[in-house]
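Student: Structure for this input, please:
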Amino acid sequence: MPWPPMRSAQDELMSSLSESQGAVARALVAGATLSADQLLGGSNPLRRLAIHQRHFEASLTAALVQKFPACAWLTSPELVAAAARAFAHAHPPRQPCIAEYGPEFPEFLAAFYGAATWPPLRSFAELELAAGRASIAVDRPPLAWSALADLGAGRLTDARLVLQPGLAYVASRWRIDEVMTAYLRGEAPYAPGGGDTFVEVRGARGDLSLTRLDRTTYAFRAGLASATLGDAAEGALELDGGFDAGAALRALVAAGFVISVRTHEEG
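Tutor: Okay, here's the model as predicted:
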């Protein structure tokens, strides 16, 4: 019977390093306790760890607070900051870019506040997240109608359209666009009124616009993010049998919203 392979000193070192790094990560994120012998260097490693813990929490909290100023305006800065601190520990970053941090925060904020207490908060936070992303987007050259027409009806139906990066779509059961507009104008906060609302967020290089769409147009345009042109049109037709997919597509292209098309053959 062969002997099991022996672990080299390097393997032991790497395993120990991995365990130490995991312990430190848990201490930073979840506040787990570490003993002094688990840390190396300096006269007071536990004090250094406490500094890192404070920096971890403070930097992520600040990033979220800066990303959701309208939510702070609508509720309170203290509420958003408290939710951001809790979120930092519950959802540590998965990517190195801090600008991409926090896509789950709207749902977390609503639950932290009490979703049943004030239901509009989640969709309002989703609108703010979309608006923030859109306002820093950079426009891409739009596609001409001839590029689509040349594909033919069959290939176009199975194709996927790629829209401008500064476009986003948010639906709500409250008139969140009106409240966001009030925030952008520097007006006093107020709770949004009820009413199904479908918002197209458009932004580029610091500009931002919010356009309210009808339910069918919203379903068509929002559906293009994850479906073929044909499937998005079918979804709209289910809502309105008189939906004109051709006219809707022409309007999208005329607005400069389509930047490329991916056919079935391209994958």
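Student: Please count neighbours and contacts with C-alpha atoms only from this point.
Tutor: Fine.
Student: Ala219 touches Glu238, doesn't it?
Tutor: No: with contact defined as CA atoms under 8 Å, Ala219 does not count as touching Glu238 (9.9 Å).
Student: Between these two, which has more neighbouring residues?
Tutor: Shown here are Ala219 and Glu238; by other CA atoms under 10 Å, Ala219 has more neighbours (22 against 12).
Student: Test my guess that Gly206 contacts Ser135.
Tutor: Yes: look at Gly206 against Ser135 with CA under 8 Å: they come within range, at 4.6 Å.
Student: So between those two, which is more surrounded?
Tutor: Remark: of Gly206 and Ser135, Ser135 carries more neighbours, 19 against 12, as counted by other CA under 10 Å.
Student: so what pLDDT did the nearest residue to Leu74 once chain neighbours are set aside get?
Tutor: For Leu74, ignoring the flanking residues on the chain, the nearest one in space by CA to CA, 6 or more residues apart in numbering is Pro189 at 5.4 Å. As summarised for this prediction, Pro189 has a pLDDT of 95.
Student: just Ala86 next, same as before
Tutor: Among the per-residue scores, Ala86 holds a pLDDT of 94.
Student: what about it, how many neighbours?
Tutor: A count of neighbours around Ala86, defined by other CA under 10 Å, yields 16.
Student: Quickly find the element holding it.
Tutor: Taking DSSP states H and E as the criterion, Ala86 maps to helix 77-90.
Student: Now do the same for the host helix or strand of Ile259: mean pLDDT, whole number.
Tutor: Taking DSSP H and E as the criterion, the element that holds Ile259 is strand 258-262. Here strand 258-262 scores 94 as its mean pLDDT.
Student: which helices and strands does that strand pack with?
Tutor: Other elements packing on strand 258-262 under the criterion 3 or more CA pairs under 8 Å, 6 or more residues apart in numbering; DSSP states H and E are strand 160-163.
Student: Adjacent strands (with direction) for the strand it packs on?
Tutor: Strand pairing for strand 160-163, using DSSP bridges, gives strand 258-262 (antiparallel).
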